[in-house]
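Student: here's a sequence, model it:
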Amino acid sequence: MAIVGYLVRRILTGIVVVWLVATAAFFLFFARPVETVARLLAGHAATPQVITEVITNLGLNQPILTQYWRFVDGLLHGNLGYSYYSQESVNTILKQDLPPTVSLVIGGTILWLIAGLSVGIISATRARSLFDRASNVAVLIGLSMPVFVIGELLILVVFLPLNEHGITWIDTGYSGPTSGLGSFFGHMVLPWITLASVQAAVYTRLSRGQLLDTLGEDYIRTARAKGLSERRVIFRHAVRAALTPVVSQLGVDVGQLLGGVFVVEIVFGLGGIGQATVQAVDQDNLPVIIGFVIIAAVFVVVANIIVDLLYAALDPRVRIT
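Tutor: Below is the predicted model of the structure:
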């Protein structure tokens with residue numbers, strides 16, 4: 001029952017956070033002269049006729065609190081607005097662009113956790129070995145390489161040679177899971193590797209440092225003195241304790257990725273929210289910008305709730321109450 005109460009409180013807190021973000025976004029853009037707001041909402045499609053239509057449809061000549069209530073009422077009914085630039089609702093745009101980004105973030109996160117934690121644990125348990133020194137060099141390379149360079153290299157070294165030899169399983173663009181898992185993985189494997197390369201380097205360094213510190217703790221020496229196997233000492237005690245800061249960092253990184261993956265999306269032609277957000281900013285497409293800000297806030301809240309649950313599962317000193 002404790003976990004149910006905890007989840008209810010965190011969800012309610014998350015709702016408040018999303019409401020505050022949405023309110024801040026609303027007043028940031030709407031607390032301006034009517035003509036200015038109408039031009040922002042219309043974007044590059046702002047002809048006199050469109051501006052008049054925007055003012056009429058959204059009631060921009062009404063008091064600001066009335067406009068705010070209509071905005072909140074729309075959100076409660078799942079209506080994120082309408083883009084006069086693309087002549088589509090923001091919900092439709094999100095339905096098109098959200099799946100590639102979510103697929104990229106989830107797959108990339110799993111890959112960089114597996115790679116980063118594995119290399120970090122091996123490096124820490126074999127400190128100053130050849131593997132440790134080689135991994136340190138690889139980490140520096142990963143941290144120094146821009147994401148778009150890694151993506152372009154994978155296209156040049158992997159994608160093009162395979163296609164020249166008639167191997168078309170690995171491809172660019174986005175193909176969802178509904179088109180078949182083989183096609184889905186074939187389109188996503190290079191973007192996942194690109195996204196994971198830099199982040200895996202970060203998590204390798206973080207997990208290695210945390211595990212080295214943990215292995216020097218008194219309770220680890222006590223566990224060894226009791227005759228526990230080295231494998232049990234490392235994975236049952238040391239790794240579990242060392243992962244708590246890593247999990248905390250994961251909540252920050254995953255929350256930021258929703259708007260930060262646009263480089264990978266552009267390089268591989270995936271579409272996605274990141275790329276659409278950059279286009280919306282360039283086009284002054286205000287409804288899309290506000291919709292994406294709200295979705296990003298929801299994404300951050302959900303990611304941090306999951307991370308908090310993982311944190312409590314890893315560290316017995318943390319109680320969910």
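
Student: could you use CA atoms for every contact and neighbour count after this?
Tutor: Fine.

Student: where do the strands sit along this protein?
Tutor: Secondary structure of the chain (DSSP state E): strands at 82-83, 88-89.

Student: which helices and strands sit right next to the first one?
Tutor: Pointing back at strand 82-83 there. Strand 82-83 is packed against strand 88-89, helix 286-314, with contacts defined by 3 or more Cα pairs under 8 Å, 6 or more residues apart in numbering; DSSP states H and E.

Student: winner for burial among the strands of the chain?
Tutor: Among the strands of the chain, strand 82-83 has the highest mean neighbour count (mean count of other Cα atoms under 10 Å), at a mean of 22.

Student: dump the helices and strands packed on strand 82-83 to a markdown table, plus mean pLDDT.
Tutor: Output for the helices and strands packed on strand 82-83, formatted as a markdown table (pLDDT from 0 to 100):
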| stretch | mean pLDDT |
| --- | --- |
| strand 88-89 | 84 |
| helix 286-314 | 81 |
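
Student: now Glu152, nearest residue through space, not along the chain?
Tutor: Spatially, and ignoring its direct neighbours in sequence, Glu152 is nearest to Val267 (7.1 Å; Cα to Cα, 6 or more residues apart in numbering).

Student: for the one you found, give its distance to Val149.
Tutor: Applying Cα to Cα, to the nearest Å, the value for Val267 to Val149 is 9 Å.

Student: ok, the two, which is more surrounded?
Tutor: Val267 (20 against 13; other Cα atoms under 10 Å).

Student: how about the contacts made by that one?
Tutor: By Cα atoms under 8 Å, 6 or more residues apart in numbering, the residues touching Val267 are 148, 151-152.

Student: just the buried ones among those residues, please.
Tutor: Buried by 16 or more other Cα atoms under 10 Å: 148, 151-152, out of the contacts of Val267.

Student: ok, Glu88 touching Leu94?
Tutor: No: the pair Glu88 and Leu94 fails to qualify as a contact (Cα atoms under 8 Å) at a distance of 10.3 Å.

Student: separation between Phe148 and Ser129?
Tutor: In terms of Cα to Cα, Phe148 sits 32 Å off from Ser129.

Student: dump the helices and strands packed on strand 82-83 to CSV, plus distance to Ala124.
Tutor: Below are the helices and strands packed on strand 82-83 laid out as CSV (distance: least, Cα to Cα, whole Å):
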stretch, distance to Ala124
strand 88-89, 51
helix 286-314, 19
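
Student: so which of these is the most surrounded?
Tutor: helix 286-314 (a mean of 20).
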